[in-house]
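1. okay, predicted coordinates and the sequence, questions at the end:
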Amino acid sequence: MISFMNLIKLIIALPFCFDTLAQGVESSKVFPVDKLKEDYKIFRDAITDAHPAAFRYISREGLNLFYDSISTSINSPMTDEAFTRLLLLSVAKIRCAHTIALFPVTSWFSNPDIKKRTILPLNFKFIDNQAFVSRSFSKVTSAKIIGQRVISINNVPIETYIDQFLPLLNSDGYISSSRNEQLSIKFKDYFSYFIARPDTFSLELEQPFSHDYQLLKIPAIAISELLEGLSLKDYLPFRFKLETNEVAYLRMDDFLISNLKKAYQISYKKYLRRSFMEMEKKKIKYLIIDVRNNGGGNGEVGASLFSHIAYKSFIHERSTVIKYKKFNQHYVKYAKKGDRLDGYWGIQTDTGFTLTHFYSKLKRRWKPKINSFKGTVTVLSGGNTYSAGSAFVGLFKAEGRGAIIGDETGGYAFGPTGYLRLELELPNTKTRVIIPLVIARLNIDAYTFGQGVTPIFKISDEERIHSLLEGYDPELKKALELFEK
């Protein structure tokens, strides 16, 4: 799903020099070395001090050595965009999807004229470190290019771009499905911002199974034109429909309460109650819950959803851990005011803040709804399933409620870092950093260190390629086949 807000909020940067590749990309304000080093020290101190899982995948000594090397590399003036690249590389090192570096709001990337920017009019799907065309927004291409493997763009092998982009992805742990999905979403923005914005793209394509080659020249497209090519389903994060007389389909692309209210003008409780009442009325036997693009949100929504399909009472979380309840460190003075800290999570002053509470409802015992769904349930998940979305899949699997189809979730199966967050705006470059403050421990016994929740039925790479060529949804197809059996 692509929207204007997603396009302007994608976090993109490259750790390497693009002197030979990056042409026609505007630069921004240049900052002196002392100001850059000051900002980097604030960032570094905040990460190593406040982040509750900074040393989960790397030792304190190893992270400090890495950050020393980054600090040493700041030996000449650079733009805020170049500095943000260093932060993104630094963030990726701790392997936490909830830790985010953002471009300054004054940068070119956040310019309100972004709709005028031209961009590659194709979406790619990355499968096993290979790129396949998954969607075209161009008026001059045919459907025949969907599913074609990308060999090169503008005479540069696709592997060159992949090797440059992958080190900047801030995924949880060692989850490859997450990295593939992130690259699929961000590729054309990476290319547009850091490589070039040509008027025409030259692509070398290959048919995956016949190995027939073709050369394609395709004009760039303005973002405003791309947005016009999106349909209503690209924007609605929630959808309920009846696939057949016996099968219902419920898609939830996030668990953000505010988004559901915007989409349907009702609370999530009413939305779920209405959907399950419809299933009861229609005597639905099978339910598909699609959280493949669920980036998380409020864990209570996930727990409430599960209570509608639960056979018995359950506990969603075992514990939450936070390093501090009182923050008065030097970096706190750069915290964004009113970022759900003042009044909602705690009391904020000019010198810091004191937390008064954070999520506790998830640790209580939840009971099934009186008329909870007793039929067969299947969940669709994948590398875009994060945070509270991944936690829902973990709960579903731990409770043995049904089959999971797709790919490993992008969120760590142990539990997310998140809930409360510290958002800093660095004083000189105005680069922003979001740091989670809480580690959640889900009520799950079986998990692998650094990995997500694994599916029961994994869609193979070959099937994914076939689904692109033939135009079907492999997870949905598998679910309907299971129901028939």
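-> Received the coordinates, thanks.
2. spell out the residue ranges of the strands in the stretch 301-450 of the chain.
-> Using DSSP state E, counting those that start in this stretch, the strands of the stretch 301-450 of the chain run over residues 314-315, 317-322, 326-327, 346-349, 352-355, 365-366, 376-381, 402-406, 417-425, 432-442.
3. could you identify which of the ones you listed is most buried?
-> Comparing those by mean neighbour count (mean count of other Cβ atoms under 10 Å), strand 376-381 ranks first with a mean of 25. Heads up, the C-betas are built off the backbone N, CA and C, glycines and all.
4. the inter-axis angle of that strand versus strand 402-406?
-> 30 degrees (axes from the mean of the first three to the mean of the last three Cα atoms, to 10 degrees).
5. tell me how far strand 376-381 is from the chain's mean position?
-> Distance of strand 376-381 from the chain centroid (Cα atoms, centre = their mean, to the nearest Å) equals 21 Å.
6. same thing with stretch 153-168?
-> 20 Å.
7. buried stuff in that stretch?
-> Residues of stretch 153-168 classed as buried: I153, I158, Y161, Q164, F165, L166, L168 (neighbour count, 16 or more other Cβ atoms under 10 Å).
8. quick one, helices of the stretch 51-200 of the chain?
-> 60-73, 80-92, 158-165, 176-190 (DSSP state H, counting those that start in this stretch).
9. now these as JSON lines including distance to K363 and mean pLDDT?
-> What follows is these, written out as JSON lines (distance: least, Cβ to Cβ, whole Å; pLDDT from 0 to 100):
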{"stretch": "helix 60-73", "distance to K363": "29", "mean pLDDT": "96"}
{"stretch": "helix 80-92", "distance to K363": "29", "mean pLDDT": "89"}
{"stretch": "helix 158-165", "distance to K363": "39", "mean pLDDT": "94"}
{"stretch": "helix 176-190", "distance to K363": "26", "mean pLDDT": "90"}
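10. S387: which of the ones you listed is closest?
-> helix 176-190 (11.4 Å; Cβ to Cβ).
11. need the next SSE after that closest one, C-terminal direction.
-> The helix or strand immediately downstream of helix 176-190 is strand 200-206, counting by DSSP states H and E.
12. ok, back up a step: got the strands of the stretch 301-450 of the chain as a markdown table, with mean pLDDT and distance to Y57 columns?
-> Below are the strands of the stretch 301-450 of the chain laid out as a markdown table (pLDDT from 0 to 100; distance: least, Cβ to Cβ, whole Å):
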| stretch | mean pLDDT | distance to Y57 |
| --- | --- | --- |
| strand 314-315 | 91 | 27 |
| strand 317-322 | 79 | 17 |
| strand 326-327 | 72 | 24 |
| strand 346-349 | 64 | 29 |
| strand 352-355 | 65 | 26 |
| strand 365-366 | 90 | 31 |
| strand 376-381 | 97 | 23 |
| strand 402-406 | 97 | 25 |
| strand 417-425 | 85 | 12 |
| strand 432-442 | 89 | 13 |
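13. I'd like the ones you listed as a markdown table, with distance to S202 appended.
-> As requested, the strands of the stretch 301-450 of the chain are exported to a markdown table (distance: least, Cβ to Cβ, whole Å):
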| stretch | distance to S202 |
| --- | --- |
| strand 314-315 | 54 |
| strand 317-322 | 51 |
| strand 326-327 | 52 |
| strand 346-349 | 53 |
| strand 352-355 | 53 |
| strand 365-366 | 55 |
| strand 376-381 | 36 |
| strand 402-406 | 34 |
| strand 417-425 | 40 |
| strand 432-442 | 36 |
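14. then stretch 134-142 to PDB, C-alphas only?
-> Extracted C-alpha coordinates of stretch 134-142, given in PDB (Å, rounded to 0.1, in the frame of the first residue of the first chain):
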ATOM      1  CA  SER A 134       5.000  -6.400  -8.900                       C
ATOM      2  CA  ARG A 135       3.100  -3.400 -10.100                       C
ATOM      3  CA  SER A 136       3.200  -0.700 -12.800                       C
ATOM      4  CA  PHE A 137       1.900   2.800 -12.600                       C
ATOM      5  CA  SER A 138       3.000   3.700 -16.100                       C
ATOM      6  CA  LYS A 139       0.600   4.200 -19.000                       C
ATOM      7  CA  VAL A 140       3.000   2.800 -21.500                       C
ATOM      8  CA  THR A 141       3.700  -0.600 -20.100                       C
ATOM      9  CA  SER A 142       1.600  -3.700 -20.300                       C
END
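15. now do the buried residues in it.
-> S134, S136, F137, S138, T141.
16. any idea of the pLDDT on the third one?
-> So that's F137. On pLDDT, F137 comes in at 87.
17. surely it and L122 touch.
-> Yes - between F137 and L122 there is a contact under Cβ atoms under 8 Å: 7.2 Å.
18. for the longest helix anywhere in the chain, which outside residues touch it?
-> When the chain is parsed with DSSP state H, its longest helix is helix 33-50. Contacts with helix 33-50, where a contact means Cβ atoms under 8 Å, 6 or more residues apart in numbering, come from 54, 60, 63-64, 67, 70-71, 74-78, 83, 86-87, 90-91, 94, 99, 323-324, 327, 329-331, 334, 422, 424, 426-429, 431, 433, 435, 437.
19. okay, the angle between that helix and strand 317-322?
-> Using the same axes, to 10 degrees: helix 33-50 against strand 317-322 is 140 degrees.
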